[in-house]
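>>> Need coordinates for the following:
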Amino acid sequence: MKRTKVIDALQCTDYGKEITVMGWVRTHRSSKAVDFIALNDGSTIKNIQVVVDPQTVSEEMLKQITTGACIGVTGTLVESPAQGQASEIQCKSIQLFGLCGSDYPMQKKGQSFEYMRQYAHLRLRTNTFGAVMRIRHNMAMAIHTYFHEHGFFYFHSPLITASDCEGAGQMFQVTTKNLYDLKKDKDGKIIYDDDFFGKTTSLTVSGQLEGELGATALGAIYTFGPTFRAENSNTPRHLAEFWMIEPEVAFIDLDDLMDLEEDFIKYCVRWALDNCQDDLQFLNKMIDKTLIERLEGVLKDDFVRLPYTKGIEILHEAIQNGRKFEFPCEWGDDLASEHERYLVEEYFKKPVIMTHYPKKIKAFYMKIDDEKPVCNGEVMEQTVQGTDVLFPQIGEIIGGSVREEDYDKLMGEITERNIPMKDMWWYLDTRKYGSCPHGGFGLGFERLILFVTGMQNIRDVIPFPRTPKNAEF
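Below you'll find the model as predicted:
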């Protein structure tokens, strides 16, 4: 008989119909009169209850149906007398696909997320991680749907690159060279002539630079793919391998860019509320009791648009009124998460788009403002048209900017910062041949999933996290 997914069986009201469901056993309760098996196949957070008359299934088989075992059940769909479920299955026969011993690591309830990370290949079968992965899928669908509906083209930027977009140098090198026998020149530098690409190459930290090329040809593009940072950060907010969404748009100014950022992220949150209600309700109950309220709050109000200089003044005022911060926040400092969260969660109580950051703390490609800001009566250094979207509990969730389209100004920044550009002539060509105003932003996919699920550690919103000293599975 054709298999029916659990999500479809639970929604079906064609009682009396014979169906077959297949999945993994969540629980099995036995008595002399009747057995109850909770079965889940990953299609929904909800289990379907299978009611088994011990007379119809051998005692030997029932003993083998333990938590984690994989079975198929054929039976009659009936209306359930139990609360919280519309349907259940009166079992006629059971097929045992895979046994599961008592050493099954995901057997007990109440295990810590840290414990479950040791078994990332099995934690996906738990309620929490099933919910997170279904939401992750839905967010990917929301992203593609939003950009498709708004006339963007999905643009595939390379994963292997000879350029460092961020200029930080924390990149994973790609090579086919024998690391036990590296040939070096007279200055002690490694010779790459015999390497696969004939030069130093790395895994990408961002698709932005290539995305700009796409935007200056197609008008509006977005990239959505894995990126890599060899940053030795053991924190709940950093991964070495993560996914990025990076739209780039020609003929966009700062106000348009902020409109795009706000509209896009609200669309994703609305999609989650519309399409993931069962999973969100579970996470709201088990992980974060303010989750749904917080998601609905994002949709309620316009985001605050706050110049960096005004943000610094607000933080200084808070300090004068007795608020203590671990890190300093003088004009020119890159704000710490605690500063961002104060502005979002305590001062404005809504998401904030911070703009016009000091030039020295932002990337070389950001467009420089014409006027210098005044902070507490003092004229400060130059600022750039950068935008950071700050969210409750997360801090920065989006980073973007209007890009500098003027060749001479861009070259001035590159020279001033001593950025090696020998492999980026192609990027500079966009400013030599038909340059245009353009801008875009980057959204870390896992940061979005953290916010939408209420999870506290970024390692728990990607199936197999890659972090310092950890590349299992």
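>>> Buried by neighbour count: which residues of stretch 206-222 qualify?
For stretch 206-222, burial by neighbour count (16 or more other C-beta atoms under 10 Å) applies to 206-216, 219-222. For every residue, glycine as well, the C-beta is placed using N, CA and C.
>>> Same question for stretch 25-36.
25-26, 28, 35.
>>> cool, and stretch 58-72?
65, 67-72.
>>> and the nearest residue to Glu345 once chain neighbours are set aside, what is it in contact with?
Once flanking residues are discounted, Glu345 sits nearest to Pro392: 5.0 Å by C-beta to C-beta, 6 or more residues apart in numbering. Pro392 makes contact with 294, 341, 344-345, 351 under the criterion C-beta atoms under 8 Å, 6 or more residues apart in numbering.
>>> related to what we said a few turns ago, and the furthest pair within the buried residues of stretch 206-222?
Ser206 and Gly219 (20.5 Å; C-beta to C-beta).
>>> need the strands for the stretch 1-150 of the chain, in chain order.
18-29, 35-40, 48-52, 70-79, 87-98 (DSSP state E, counting those that start in this stretch).
>>> Using CSV, lay out the ones you listed together with mean pLDDT and distance to Met133.
Shown next, in CSV, are these (pLDDT from 0 to 100; distance: least, C-beta to C-beta, whole Å):
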stretch, mean pLDDT, distance to Met133
strand 18-29, 96, 15
strand 35-40, 96, 13
strand 48-52, 96, 19
strand 70-79, 96, 18
strand 87-98, 96, 21
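>>> Could you provide those strands in a markdown table, with additional columns for distance to His150?
Output for these, formatted as a markdown table (distance: least, C-beta to C-beta, whole Å):
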| stretch | distance to His150 |
| --- | --- |
| strand 18-29 | 38 |
| strand 35-40 | 36 |
| strand 48-52 | 39 |
| strand 70-79 | 42 |
| strand 87-98 | 40 |
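>>> returning to what we had before: quick one: which of the buried residues of stretch 206-222 sit in helices?
208-216 (DSSP state H).
>>> could I get those residues as JSON lines with pLDDT?
Putting those into JSON lines (pLDDT from 0 to 100) gives the following:
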{"residue": "Gln208", "pLDDT": "94"}
{"residue": "Leu209", "pLDDT": "92"}
{"residue": "Glu210", "pLDDT": "94"}
{"residue": "Gly211", "pLDDT": "96"}
{"residue": "Glu212", "pLDDT": "96"}
{"residue": "Leu213", "pLDDT": "95"}
{"residue": "Gly214", "pLDDT": "97"}
{"residue": "Ala215", "pLDDT": "97"}
{"residue": "Thr216", "pLDDT": "95"}
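>>> could the residues you listed go into TSV alongside distance to Leu260?
Output for these, formatted as TSV (distance: C-beta to C-beta, whole Å):
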residue	distance to Leu260
Gln208	15
Leu209	19
Glu210	20
Gly211	14
Glu212	16
Leu213	19
Gly214	16
Ala215	12
Thr216	17
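>>> what does stretch 300-311 contact?
Residues from elsewhere that reach stretch 300-311 (C-beta under 8 Å, 6+ apart): 258, 262, 331, 335, 339, 343, 348, 350-358, 373-375, 380, 383, 389.
>>> Quick one, which of these are buried?
With neighbours counted by 16+ other C-beta under 10 Å, the contacts of stretch 300-311 contain buried members at 258, 262, 331, 335, 339, 343, 348, 350-358, 373, 375, 380, 383, 389.
>>> mind listing which of those are in strands?
Counting by DSSP state E, the part of the buried ones among the contacts of stretch 300-311 found in strands is 352-358, 375, 383, 389.
>>> Closest to Asn138 out of those residues?
Closest approach to Asn138 among these (C-beta to C-beta): Val389, at 20.4 Å.
>>> Show me the beta-bridge partners of that closest one.
Counting by DSSP bridges, Val389 forms beta bridges with Ile353, Ile398.
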